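Asks: Kindly generate the corresponding structure for this input.
(one chain, ligands or ions: 1)
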Amino acid sequence: MLKIKLLKYTEKIILWSCCLFACSPKPSVMNKTNQEWQKILDPETYRIMREKGTERPHTGQYDQFWEAGTYVCKACNAPLFVSETKFDAGCGWPSFFKGIDSTAIIEKPDYSHGMHRVEVLCAHCEGHLGHVFPDGYNTPTGLRYCINSAALGFKKQE
Ligand SMILES: [Zn+2]
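Replies: Below is the predicted model:
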């Protein structure tokens, strides 16, 4: 009898902790393996977003693209930038002066290639998007989020 009671108690604890684990608010980062990403993303997007590559300048789909709408993460569809913040920096990559909100993107120091830059990642899937530079361009923030077209999708304004 005691054994049964004890078992039930243990079960309850397990159930309770499972529920707590599942319900507790966690940052909703997607945990996919590289093999899983490789199946979902096209080769160019995979190279950029998972291997931190860069597309050739002036070649991307959204470099000279000025329709009104929202730019989303190509990998996970999370909204990242709005067209009102896009500007022509002439650098060959889509440029924005800020993210859609403060939680959509992560900024990380990047010391690769002998440079000190700030990497920009999607906060939801941690996919590499590009870099942010403080080089002005007379924008309201003085920042240039230099983003690979291959890391973006676009949702036209209704
Ligand atoms: Zn994403």
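Asks: Please enumerate the strands of this structure.
Replies: Counting by DSSP state E, one finds strands in the chain at the ranges 69-73, 79-82, 86-87, 95-96, 105-110, 117-122, 128-133, 144-147, 152-156.
Asks: Same list (the ones you listed) but as a markdown table, adding distance to W37.
Replies: Bear in mind the C-beta positions are built from the backbone N, C-alpha and C, glycine included. Output for these, formatted as a markdown table (distance: least, Cβ to Cβ, whole Å):
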| stretch | distance to W37 |
| --- | --- |
| strand 69-73 | 12 |
| strand 79-82 | 18 |
| strand 86-87 | 26 |
| strand 95-96 | 24 |
| strand 105-110 | 17 |
| strand 117-122 | 12 |
| strand 128-133 | 11 |
| strand 144-147 | 18 |
| strand 152-156 | 15 |
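Asks: For these, could you give me JSON lines that also reports mean pLDDT?
Replies: Shown next, in JSON lines, are the strands of the chain (pLDDT from 0 to 100):
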{"stretch": "strand 69-73", "mean pLDDT": "98"}
{"stretch": "strand 79-82", "mean pLDDT": "98"}
{"stretch": "strand 86-87", "mean pLDDT": "98"}
{"stretch": "strand 95-96", "mean pLDDT": "98"}
{"stretch": "strand 105-110", "mean pLDDT": "98"}
{"stretch": "strand 117-122", "mean pLDDT": "98"}
{"stretch": "strand 128-133", "mean pLDDT": "98"}
{"stretch": "strand 144-147", "mean pLDDT": "98"}
{"stretch": "strand 152-156", "mean pLDDT": "98"}
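Asks: Which residues are in contact with the residue nearest the centre of the chain?
Replies: In the chain, the residue lying closest to the centroid (Cα atoms, centre = their mean) is C122, at 1.2 Å. Neighbouring residues of C122 by Cβ atoms under 8 Å, 6 or more residues apart in numbering: C73, A75, C76, A78, L80, A104, I105, I106, L129, A151.
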